[in-house]
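Participant: what's the 3D shape of this:
(one chain, ligands or ions: 1)
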Amino acid sequence: MTTRNAERNSPGPTVRIAGPAETHCPYCALQCGMTVSTPEDGPQVTGRDFPTNRGGLCRKGFTSATLLNHRGRLTSPLVRNPGSGELEPCDWESAVARIASGMRAVQAFHGADAMGVFGGGGLTNEKAYLLGKFARVALRTRSIDYNGRFCMSSAATASNRAFGLDRGLPFPLEDIGQADLVLLVGANPAETMPPMMRVFSDLRRRGGRLIVVDPRRTATAQSAQLHLAPAPGSDLALANGILHLLVRERMIDREYIARRTTGFGAVLQTVAGYWPDRVERITGVPEESLRTAASWLGTAERVVVLTARGAEQHATGTETVHGFINIALALGQVGSPGGGYGCITGQGNGQGGREHGQKSDQLPGYRRIDDPEARAHVAGIWGVDPDTIPGPGPSAYELLSSMGTAGGVRGLLVMGSNVVVSAPRSSHVAERLAALDLLVVCDPFLSETAEMADVVLPTAQWAEEDGTMTNLEGRVIRRRAATPPPDGVRTDLDVIHLLADALGRGRHFFSRTPELAFNELRRASRGGIADYSGITYDRIDAEDGVFWPCPGRGHPGTPRLFTDRFPTADGRARFFATEHRGPREQPDAEFPLHLTTGRIMSHYQSGTQTRRVSELAESVPEPFVDLHPGLARRYGISDGDLVRIRSRRGEAFARARLDQAIRLDTVFFPFHWGGDRRANLLTNPVLDPHSRMPEFKACAVSISRQPEVEGAPT
Ligand code: SF4
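Facilitator: Now for the predicted structure:
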């Protein structure tokens with residue numbers, strides 16, 4: 001039996017009995033409502049009625065309680081023994097002292113910015129806020145970023161540029177079901193967020209249509225009235241081609257464009273070059289399908305355009321999102337009832353996590369760290385001189401890539417992330433982690449990143465702590481503790497306070513409970529773009545969530561944005577003219593295929609949690625690579641064969657799964673596994689120049705059948 005199987009099947013820490021708690025799922029941004037109870041025979045979850053899930057949960061949500069008393073949970077800090085090289089249990093006091101002395105040594109030898117902090121899009125708002133403050137006030141380092149840079153940053157950047165504000169969905173999820181047409185680009189909610197499919201059922205019931213853009217004929221695409229399957233990285237050409245037809249057929253809203261936007265002239269000139277047969281050549285989408293899409297978009301009264309990682313995780317991700325925002329603006333839909341543009345946020349707190357300061361260029365309230373007024377306001381809340389707050393730091397991949405180098409980060413505190421699996425070109429990231437003087441990882445489990453750490457701190461899980469999350473709609477919701485953490489485990493907030501105290505900066509960390517931390521966050525966000533100042537725990541309880549901005553206790557919150565004006569200097573939205581450039585790596589003789597990566601129903605992100613849940617692990621125990629049967633035939637590969645996949649960054653192995661639903665020139669490899677099954681061993685870390693988002697979704701690879709001989713990868 002492997003260690004992981006032993007972990008899955010043995011009893012873990014005892015969960016203390018407490019009353020049922022109405023909370024939300026630990027995983028994705030849909031943040032389905034659930035009730036967690038802790039009867040004597042083990043913790044349980046049931047779905048509860050909440051607007052995003054209406055009582056439904058996917059299999060990840062249903063099985064999430066098994067993580068609470070999982071055998072593999074860490075219940076004691078671990079410190080690496082320099083003699084044996086092994087991680088060994090130790091007490092909290094010694095572990096914290098070891099971390100504080102290590103942090104001091106790194107900063108004394110290499111400067112303040114050499115101590116880095118890496119957060120996550122799953123952290124509560126309170127943690128994201130205090131982690132950002134910890135970096136700027138306790139460590140005085142500019143080197144902080146988080147894994148949300150790998151998820152939503154291109155859509156966030158494009159929305160900020162176009163609308164003056166980034167909130168994933170600027171309307172409640174239910175509005176999608178009230179549209180007449182939805183254009184869904186690069187998302188597969190049937191697998192990744194199954195309860196969300198109800199809004200598409202609502203749409204269909206009302207006679208509305210769904211168009212899905214995806215190189216694979218996914219379960220979501222199969223449910224659509226029209227599926228467009230462009231080559232990976234060609235979505236922007238598709239968007240420009242659709243807008244070309246909308247203009248040509250006079251199906252745009254000129255009155256709205258004149259009244260509410262600027263910059264359309266340059267877009268007109270650009271899209272003039274995207275005539276249908278050219279777009280067909282670039283994307284592989286037949287002209288006829290393109291014309292159908294444009295005609296449906298141009299004649300529907302209420303249109304919602306949605307993008308997700310398939311469109312966004314490219315070196316041209318920001319520009320691609322602009323291409324789709326341009327369509328929504330040209331149709332006069334943004335800010336109109338039942339229409340608009342939205343990004344489907346991925347991580348549980350992907351929205352709140354990008355608003356309150358764990359991003360390298362940001363202060364709480366979605367403020368810019370280089371804005372003198374913002375610095376003065378936040379410094380006043382923190383009780384520090386504004387001049388002591390560091391400036392912007394490197395983005396996530398740049399930070400990771402600098403580790404252990406001269407002038408780079410020499411120590412790293414990781415909270416809520418497993419970068420060994422989730423970062424692009426992950427073998428390089430693992431090498432850089434190994435070169436650090438100090439690596440500290442806070443995690444409930446010994447993740448692949450924690451395995452490399454000098455100190456591991458065992459931290460609480462979602463049902464063991466209070467806090468707030470901001471879901472994909474911008475609705476701020478409560479996470480409520482159903483049970484205290486097991487003995488030996490502390491919350492991430494406790495860890496921040498312990499470390500701040502040990503570094504002699506504890507007096508600045510005065511908000512010692514989640515609610516106090518939230519109240520401090522509210523003050524820090526006051527007057528910012530993401531203004532939470534009117535949101536309280538009591539209000540969230542009473543109203544089942546409050547939409548930001550909410551700039552005062554008497555303010556009702558803002559479910560729908562942009563109805564009258566955009567929060568830009570002139571109140572207008574901006575068009576951006578963008579040209580198709582395609583993925584940085586195109587298939588060639590050595591690497592003749594496109595690789596695209598993504599999520600599957602049974603697993604979540606780096607798999608630290610879901611690979612430890614028996615039911616999920618058994619349903620998909622190892623990664624697969626989706627190949628079209630015609631492609632597989634060409635390479636002599638049969639269903640179930642082990643396949644070696646190579647790119648310019650390395651090689652990885654997965655079982656072949658033959659599937660007619662994928663293009664002949666593309667393979668799909670989910671990214672939830674570690675070791676030599678890591679899709680991110682292959683991915684290209686080239687960055688979008690605007691968002692610093694890596695190009696996870698497209699690189700060039702070769703494939704071959706891997707003989708199953710002794711000693712070969714298994
Ligand atoms: Fe959890 Fe997302 Fe599944 Fe809902 S859809 S149960 S939030 S993983």
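Participant: so where's the longest helix in the protein?
Facilitator: helix 92-110 (DSSP state H).
Participant: elements contacting that helix?
Facilitator: With contacts defined as 3 or more C-beta pairs under 8 Å, 6 or more residues apart in numbering; DSSP states H and E, helix 92-110 has these neighbours: strand 78-80, strand 115-119, strand 411-415, strand 438-443, strand 455-458, helix 492-502. For glycine as for every other residue, the C-beta is placed from the backbone atoms N, C-alpha and C.
Participant: angle of that helix against strand 438-443?
Facilitator: 140 degrees (axes from the mean of the first three to the mean of the last three C-alpha atoms, to 10 degrees).
Participant: the helices in the stretch 151-300 of the chain, which residues?
Facilitator: With DSSP state H, counting those that start in this stretch as the criterion, the stretch 151-300 of the chain has helices at 153-163, 174-177, 189-192, 197-205, 219-222, 235-248, 254-260, 264-271, 276-283, 287-299.
Participant: report the mean per-residue pLDDT for the second one.
Facilitator: Per-residue pLDDT values over helix 174-177 give a mean of 96.
Participant: can you name the residues of the stretch 601-714 of the chain sitting close to the ligand?
Facilitator: Residues of the stretch 601-714 of the chain found near the ligand (C-beta under 6 Å from any ligand atom): none.
Participant: any idea which helix or strand carries the closest residue to the ligand within the chain?
Facilitator: Nearest residue of the chain to the ligand (C-beta to the nearest ligand atom) works out as Gly61 at 2.4 Å. In this assignment (DSSP states H and E), Gly61 forms part of helix 59-62.
Participant: can you name every helix or strand that that helix contacts?
Facilitator: Helix 59-62 sits against strand 44-47, helix 614-619, with contacts defined as 3+ C-beta pairs under 8 Å, 6+ apart.
Participant: related to what we said a few turns ago, and the residue lying closest to the residue of the chain closest to the ligand once chain neighbours are set aside, how far is that from Pro559?
Facilitator: Sequence neighbours aside, Cys25 is the residue nearest to Gly61 in space, at 4.3 Å (criterion: C-beta to C-beta, 6 or more residues apart in numbering). Noted for Cys25: a distance of 21 Å to Pro559, by C-beta to C-beta, to the nearest Å.
Participant: what's the answer for His428, then?
Facilitator: The separation that His428 has from Pro559, given C-beta to C-beta, amounts to 43 Å.
Participant: now do Arg646
Facilitator: Noted for Arg646: a distance of 48 Å to Pro559, by C-beta to C-beta.
Participant: low-confidence ranges in the stretch 101-250 of the chain?
Facilitator: Of all residues in the stretch 101-250 of the chain, none has pLDDT under 70.
Participant: what residues does it put near the ligand?
Facilitator: Met193, Pro194, Pro195.
Participant: residues near the last one, how many?
Facilitator: The reference is to Pro195. With neighbours defined by other C-beta atoms under 10 Å, the count for Pro195 comes to 23.
Participant: quick check: it touching Cys58?
Facilitator: Yes. With contact defined as C-beta atoms under 8 Å, Pro195 and Cys58 form a contacting pair (6.4 Å).
Participant: mutual contacts of those two, please.
Facilitator: Cys32 (C-beta atoms under 8 Å, 6 or more residues apart in numbering).
Participant: how about the contacts made by Arg475?
Facilitator: Arg475 touches Pro51, Pro172, Gly545, Val546, Phe547, Pro559, counting by C-beta under 8 Å, 6+ apart.
Participant: among those, which ones are buried?
Facilitator: Pro172, Gly545, Val546, Phe547, Pro559 (16 or more other C-beta atoms under 10 Å).
Participant: in which helix or strand would I find Gly85?
Facilitator: Counting by DSSP H and E, Gly85 is found in no helix or strand.
Participant: what does His672 give?
Facilitator: Judged by DSSP H and E, His672 forms part of no helix or strand.
Participant: mind checking pLDDT for it?
Facilitator: 82.
Participant: go ahead and confirm it touches Gln605.
Facilitator: Yes. Counting by C-beta under 8 Å, His672 touches Gln605, with 7.0 Å between them.
Participant: now do the shared contacts for the two.
Facilitator: Joint contacts of His672 and Gln605 (C-beta under 8 Å, 6+ apart) are Arg599.
Participant: ok, now which ones touch Arg505?
Facilitator: Arg505 sits next to Val137, Ala138 when contact means C-beta under 8 Å, 6+ apart.
Participant: what does Ala500 give?
Facilitator: Phe134, Val137, Ala138, Gly506, His508, Phe509.
Participant: which of the residues you listed are buried?
Facilitator: Neighbour counting over the contacts of Ala500 (16+ other C-beta under 10 Å) leaves Phe134, Val137, Ala138, Phe509 as the buried ones.
Participant: turn the helices and strands packed on helix 92-110 into CSV, including distance to Pro484.
Facilitator: What follows is the helices and strands packed on helix 92-110, written out as CSV (distance: least, C-beta to C-beta, whole Å):
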stretch, distance to Pro484
strand 78-80, 21
strand 115-119, 24
strand 411-415, 20
strand 438-443, 18
strand 455-458, 14
helix 492-502, 12
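Participant: could you point out which of those sits nearest Ser336?
Facilitator: strand 115-119 (35.8 Å; C-beta to C-beta).
Participant: partners of the closest one, with directions?
Facilitator: Paired strands of strand 115-119, with direction, are strand 144-146 (parallel), strand 411-415 (parallel) (DSSP bridges).
Participant: so which of the ones you listed is the most packed in?
Facilitator: Mean neighbours per residue, mean count of other C-beta atoms under 10 Å, is largest over the strands paired with strand 115-119 for strand 144-146, with a mean of 30.
Participant: run the chain-centre distance for it.
Facilitator: 13 Å (C-alpha atoms, centre = their mean, to the nearest Å).
Participant: same thing with stretch 420-428?
Facilitator: 16 Å.
Participant: export it as PDB, just CAs?
Facilitator: Provided in PDB are the C-alpha atoms of stretch 420-428 (Å, rounded to 0.1, in the frame of the first residue of the first chain):
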ATOM      1  CA  VAL A 420       5.600  22.700  -6.900                       C
ATOM      2  CA  VAL A 421       2.500  21.400  -8.700                       C
ATOM      3  CA  SER A 422       0.700  24.600  -9.700                       C
ATOM      4  CA  ALA A 423       3.500  26.800 -11.100                       C
ATOM      5  CA  PRO A 424       4.400  26.700 -14.800                       C
ATOM      6  CA  ARG A 425       7.700  25.000 -15.700                       C
ATOM      7  CA  SER A 426       7.400  23.400 -12.300                       C
ATOM      8  CA  SER A 427      10.800  21.500 -12.300                       C
ATOM      9  CA  HIS A 428      12.500  24.900 -12.500                       C
END
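Participant: go through it and flag the buried ones.
Facilitator: Applying 16+ other C-beta under 10 Å to stretch 420-428 flags Val420, Val421, Ser422, Ala423, Pro424, Arg425, Ser426, Ser427, His428 as buried.
Participant: output those as JSON lines; include the columns distance to Gly408, pLDDT and secondary structure.
Facilitator: Shown next, in JSON lines, are those (distance: C-beta to C-beta, whole Å; pLDDT from 0 to 100; DSSP: H, G, I helix; E, B strand; the rest coil):
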{"residue": "Val420", "distance to Gly408": "18", "pLDDT": "91", "secondary structure": "helix"}
{"residue": "Val421", "distance to Gly408": "22", "pLDDT": "88", "secondary structure": "helix"}
{"residue": "Ser422", "distance to Gly408": "20", "pLDDT": "87", "secondary structure": "helix"}
{"residue": "Ala423", "distance to Gly408": "15", "pLDDT": "85", "secondary structure": "coil"}
{"residue": "Pro424", "distance to Gly408": "17", "pLDDT": "87", "secondary structure": "coil"}
{"residue": "Arg425", "distance to Gly408": "16", "pLDDT": "90", "secondary structure": "coil"}
{"residue": "Ser426", "distance to Gly408": "18", "pLDDT": "88", "secondary structure": "helix"}
{"residue": "Ser427", "distance to Gly408": "18", "pLDDT": "90", "secondary structure": "helix"}
{"residue": "His428", "distance to Gly408": "13", "pLDDT": "92", "secondary structure": "helix"}
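Participant: give me the below-cutoff pLDDT ranges for the protein.
Facilitator: 1-11, 15-19, 709-714.
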